[in-house]
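Visitor: Any chance you could fold what I've pasted below:
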Amino acid sequence: MTVVAVDDTDSRERGMCTTYAAHRIAERLRDRGATVERVLLVRLNPAVEYKTRGNAALAVHADVDPRVGLEVAEEVVADAAKTADPR
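Guide: Okay, here's the model as predicted:
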């Protein structure tokens, strides 16, 4: 089981959403023949001083080679993430 995790791909002003990015990752993994077991919203530790706005991340559990999972995640983030927002 490979877990592909994503966080902080959204922007308050430019759109996008980490949940949608995880959905796209799951779709692309399925397109490559992987079995996606589940997509989870993961709540993060509220005591951490530096955390993202929603204090959550997404995890895609899939039966796929870890290299393929990383490649797909990098593609989705490069295509859709809004990383230029300074916040």
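Visitor: For the rest of this, base every contact and every neighbour count on C-alpha atoms.
Guide: Fine.
Visitor: okay, now residue 1: neighbour count?
Guide: 13 (other CA atoms under 10 Å).
Visitor: and the residue of the chain most remote from its centre, which of the three is it?
Guide: Largest separation from the mean C-alpha position in the chain: residue 47, at 22.1 Å (CA atoms, centre = their mean). Three-state call for residue 47 (DSSP: H, G, I helix; E, B strand; the rest coil): coil.
Visitor: Below-threshold pLDDT in this structure: ranges please.
Guide: 10-15, 51-54, 81-87 (pLDDT under 70).
Visitor: which residue ranges form the helices in it?
Guide: 18-31, 66-80 (DSSP state H).
Visitor: winner for burial among these?
Guide: helix 18-31 (a mean of 20; mean count of other CA atoms under 10 Å).
Visitor: Out of the helices of the chain, which is closest to residue 59?
Guide: Comparison of the helices of the chain against residue 59 by CA to CA identifies helix 18-31 as nearest, at 7.3 Å.
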